[in-house]
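Participant: what shape does this take:
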Amino acid sequence: MKILRPNIIETIVKDLALMQVGAMLVEKLWSDGKRLKPREVVAEFERTIHDELDLAREAANCSQLRRNFLYSPLLLVPEVYWDWCTSEVMVMERMLGTPISQREALIEQGIDLPRLARAGVEIFFTQVFRDGFFHADMHPGNIFVATDAANRGKYIALDFGIMGTLSERDKGYLAQNFLAFFRRDYRRVATTHIESGWVPADTRVDALESEIRAVCEPIFDRPLKEISLGKVLVQLFKASRRFNVEIQPQLVLLQKTLLNVEGLGRQLDPDLDLWVTAKPFLERWMRDQLGWSAIERRLRDEAPFLVSTLPLLPRLIYNKLTAPQPPPDESLLELAAAQRAHNRWLAVLAVLVAIAIAVLVIRPLP
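Facilitator: Sure, this is the predicted structure:
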């Protein structure tokens, strides 16, 4: 059971007002303020925190995530008991497990930690790219491991107040970026950033490619224990200043969650290679998005619209072809008249110049 603390909303409203003032000052007084969009980031945080205070919404998040992973061999999500839920009270199934932070206890219970670490990476990427709906508060206090015979070794997720969502467009660009990173195709990373609008359209691809290579090349071919995604993000952040990369508020939660996943991976298996673990999943996802199955899925999704629209096409085409031409725009008529007058004056001037030249040529020399 989860119950909202009395008077907590008033306290949060005051804190958010202070953050909004700080964001406004950062945007006004710092040279990078507008590029970093601090007010939009605070607005995204405000939306998230208000959603977290609504326990009925949190219950709905829990229910959605449970439905997404109902038959998963990797993740358990508690069932919500809707009859006892309100905006201030959430009642759900009791889950029994060992906190993921208790590494020694998990070893004593015979849990395979390297396998658990790999499963955590797969769960994260499945939520992000398959569903576009992910648990955005994956710190160790919210993650348990089931130890009962039926669900041994499965993750147990708790606390669903902060959830992230991604559009199909964001998922596509992110997947292309991740795959290009894993393949060390830094030119593709650069072009994807430009195509997505994350950097200005006039950015030089070769310059951006060179900067990304300088940041990312040193991190590959190393186990996770020797890589800090936090440091990589800081380096990318510094590099982005040269190219006016705009912060994407909808991706802030994703970056935060990625750091949580890094922390869990380090704790469970310091030798986990995040890149090797994630690459096959992303390649499968891209094939699903670009293959025949993706075309069939999109046609199924659009079927109701197509069924209702296709019979109307002949009539719509006929109406378009037989419709009277709209009267010309007055401003266009005035522009055309002015252009004609301008052309007439040019013609007169040309005639006068031709006459002057002829007179000079015909005139006898003294």
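
Participant: contact partners of stretch 96-104?
Facilitator: 105-106, 109, 111, 113, 140-141, 143-148, 155-156, 264, 267-268 (C-beta atoms under 8 Å, 6 or more residues apart in numbering). (C-beta placed from N, C-alpha, C; glycine too.)

Participant: sort out which residues of it are buried, please.
Facilitator: Using 16 or more other C-beta atoms under 10 Å as the burial criterion, the residues of stretch 96-104 that qualify are G97, T98, I100.

Participant: now do the same contact list for the residue nearest to R187 when sequence neighbours are not counted.
Facilitator: Distance criterion C-beta to C-beta, 6 or more residues apart in numbering; nearest residue to R187, sequence neighbours excluded, is E209 at 4.8 Å. By C-beta under 8 Å, 6+ apart, E209 lies in contact with Y186, R187, V189, A190.

Participant: the last one: neighbour count?
Facilitator: Using other C-beta atoms under 10 Å, A190 is surrounded by 24 other residues.

Participant: next one: the first one
Facilitator: Neighbouring residues of Y186 were enumerated by other C-beta under 10 Å; the total is 20.

Participant: didn't it look like it was pressed against H193?
Facilitator: No - Y186 is beyond contact range of H193, at 10.6 Å (criterion: C-beta atoms under 8 Å).

Participant: just to revisit the earlier point, which of the contacts of stretch 96-104 are buried? Put it as a PyMOL command.
Facilitator: The PyMOL selection below is limited to those of the contacts of stretch 96-104 classed as buried (16+ other C-beta under 10 Å):
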select buried, resi 106+111+113+143+144+145+146+147+155+156+264+268
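
Participant: take the contacts of stretch 96-104 and keep only those in helices.
Facilitator: Secondary structure of the contacts of stretch 96-104 is defined by DSSP state H; positions in helices are A105, L106, L113, L264, Q267, L268.

Participant: show me where the stretch 251-366 of the chain has helices.
Facilitator: 274-290, 292-309, 313-322, 330-362 (DSSP state H, counting those that start in this stretch).

Participant: which of the buried residues of stretch 96-104 fall in helices?
Facilitator: Judged by DSSP H, helices contain none of these.

Participant: so which of these belong to strands?
Facilitator: Mapping the buried residues of stretch 96-104 onto strands (DSSP state E) picks out T98.

Participant: which secondary structure element of this structure has the lowest mean pLDDT?
Facilitator: helix 229-240 (a mean of 63; mean pLDDT, DSSP states H and E).

Participant: can you get me a residue count around D51?
Facilitator: 15.

Participant: how confident was the prediction at it?
Facilitator: On pLDDT, D51 comes in at 79.

Participant: once you drop chain neighbours, what's closest to it?
Facilitator: R57 (5.3 Å).

Participant: pull the strand or helix carrying the one you found out as PDB, backbone CA atoms only.
Facilitator: Assigned by DSSP states H and E, R57 belongs to helix 55-68. Provided in PDB are the C-alpha atoms of helix 55-68 (Å, rounded to 0.1, in the frame of the first residue of the first chain):
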ATOM      1  CA  LEU A  55      -1.400   7.700  -7.100                       C
ATOM      2  CA  ALA A  56      -4.200   6.800  -9.400                       C
ATOM      3  CA  ARG A  57      -2.000   7.700 -12.300                       C
ATOM      4  CA  GLU A  58       0.900   5.700 -10.700                       C
ATOM      5  CA  ALA A  59      -1.500   2.700 -10.400                       C
ATOM      6  CA  ALA A  60      -2.300   3.100 -14.100                       C
ATOM      7  CA  ASN A  61       1.500   3.200 -14.900                       C
ATOM      8  CA  CYS A  62       2.000   0.000 -12.900                       C
ATOM      9  CA  SER A  63      -0.900  -1.700 -14.700                       C
ATOM     10  CA  GLN A  64       0.500  -0.700 -18.100                       C
ATOM     11  CA  LEU A  65       4.000  -2.000 -17.300                       C
ATOM     12  CA  ARG A  66       2.600  -5.200 -16.000                       C
ATOM     13  CA  ARG A  67       0.600  -5.700 -19.200                       C
ATOM     14  CA  ASN A  68       3.700  -5.100 -21.300                       C
END
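
Participant: which parts of the stretch 1-150 of the chain are strands?
Facilitator: With strands called from DSSP state E, counting those that start in this stretch, the stretch 1-150 of the chain shows them at 2-3, 75-76, 89-90, 98-99, 133-135, 143-145.

Participant: and the fifth one, what does it pack against?
Facilitator: Okay, so that is strand 133-135. Applying 3 or more C-beta pairs under 8 Å, 6 or more residues apart in numbering; DSSP states H and E, one finds that strand 133-135 contacts helix 55-68, strand 163-165, helix 249-268.
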